[in-house]
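Asker: here is my input; please provide its structure:
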Amino acid sequence: MSKRFKQLLEKIDNTKMYGVTDASGLVKELKSAKFDETVEIAMNLNVDPRHADQMVRGAIVLPHGTGKTVRVAVFAKGVKADEAKAAGADIVGTDDLVAEIKEGIFNFDVVVAAPDCMGLVGQIGRILGPKGLMPNPKTGTVTPDVATAVKNVKGGQVNFRVDKKGNIHAGIGKASFEANQIAENLTSFLQAINKQKPASAKGRYIQNAVLSLTMSPAVKLDLNELADIK
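Answerer: All right, here's what the predicted structure looks like:
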C-alpha cells in the first residue's frame, strides 16, 4: 500500500457508514490524482439475475451530468437520421456503420437505434453485446425519438445493469463537482436503483454500497438511508 493511499485512508472512519451528504463531501477530500477523477458508486444488490424477474437494469439522466464527454453513434435513416444529427450525434449511419463496426472501428461510447434499424444492429449484436454497447429499450437507446435519446446520453445519462453476482458500478460525476452536485447525482442514481427493485426480491435490497474516486479508497454508505431514498 502506497504512502499516498495510507494518508487517504486516515481521512475515512472505517467504523462509520456515511450518509449521502457526508459521503459526497468526504469523497472530494480524497482527490489525489493529477487528473479530474471520476466519482464512482459501487453496490451489491440482493437479487439473482439468473431469474428474469430479478434483472435490474435501466437508465437515469443525472441532474448535473457525468462530467464526461460521451460520443454517440446512431443507427437511423431518413428524417430520423437528420434529427439525430441535429441533436448532436457524433456518428449517424446504417450499413456503413455496420461495416465499420465489423472492421473493429469504434469511435463512440454509446449506441442509439431507431426501431426500424434494429434488424441491421442485430447483425453485429455479437460484437456490441460483450462490449455493453447493444441498444436496449429499457435504457432508452432503442426508440423512435432518437433526438431525445441523443440529448439524454450527451446530457449525462447513466445506464446501469446488475452483473451475475448482483453488482452495479457507475460513474456519477467528477471530483471537480461541488459536494452538493455529487450528492444530488448520487440521490438521483439511488432513486433509479430503488425504483427497479424487483417485487420478488426479499430482505435487504441494497446489501452494501461504497462511494469513491478513481484513485481513492472507498467510503461506506449508510444502507438504511439508501433504502429510504425513493
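Asker: which elements pack onto the longest helix belonging to the chain?
Answerer: Scanning the chain for the longest helix, with DSSP state H as the assignment, gives helix 179-195. On a contact count with 3 or more CB pairs under 8 Å, 6 or more residues apart in numbering; DSSP states H and E, helix 179-195 meets helix 20-28, strand 38-45, strand 57-61, strand 157-161, strand 167-174, helix 223-227. Placement of C-beta: from N, CA and C, glycine included.
Asker: what's the mean pLDDT across the next helix or strand after that helix?
Answerer: Counting by DSSP states H and E, the next helix or strand C-terminal to helix 179-195 is strand 206-213. Confidence over strand 206-213 (mean pLDDT, whole number) is 97.
Asker: mind listing what the residue most central in space within the chain touches?
Answerer: The residue lying closest to the centre of the chain (CA atoms, centre = their mean) is Val158, at 3.3 Å. Counting by CB atoms under 8 Å, 6 or more residues apart in numbering, Val158 touches 59-62, 66, 170-172, 189.
Asker: so where's the chain uncertain?
Answerer: Of all residues in the chain, none has pLDDT under 70.
Asker: switch to 80 and redo it
Answerer: Within the chain, the stretches with pLDDT under 80 are 1.
Asker: just the buried residues of the longest helix of the chain, please?
Answerer: For helix 179-195, the neighbour count (16 or more other CB atoms under 10 Å) marks 179, 181-190, 192-193 as buried.
Asker: and stretch 107-120, by the same measure?
Answerer: Neighbour counts over stretch 107-120 (16+ other CB under 10 Å) mark 108, 110-114, 117, 120 as buried.
Asker: how long is it from one end to the other?
Answerer: 18 Å (CA to CA, to the nearest Å).
Asker: can you list contacts of it?
Answerer: With CB under 8 Å, 6+ apart as the test, stretch 107-120 has contacts from 70-77, 80, 84, 89-91, 94-95, 98, 100, 121, 128, 133-135, 141-144, 146, 149-150, 153, 159.
Asker: who's in contact with stretch 172-188?
Answerer: When contacts are defined by CB under 8 Å, 6+ apart, stretch 172-188 is touched by residues 20-21, 23-25, 27-28, 31, 36-41, 60, 62-68, 158, 189, 211, 213, 229.
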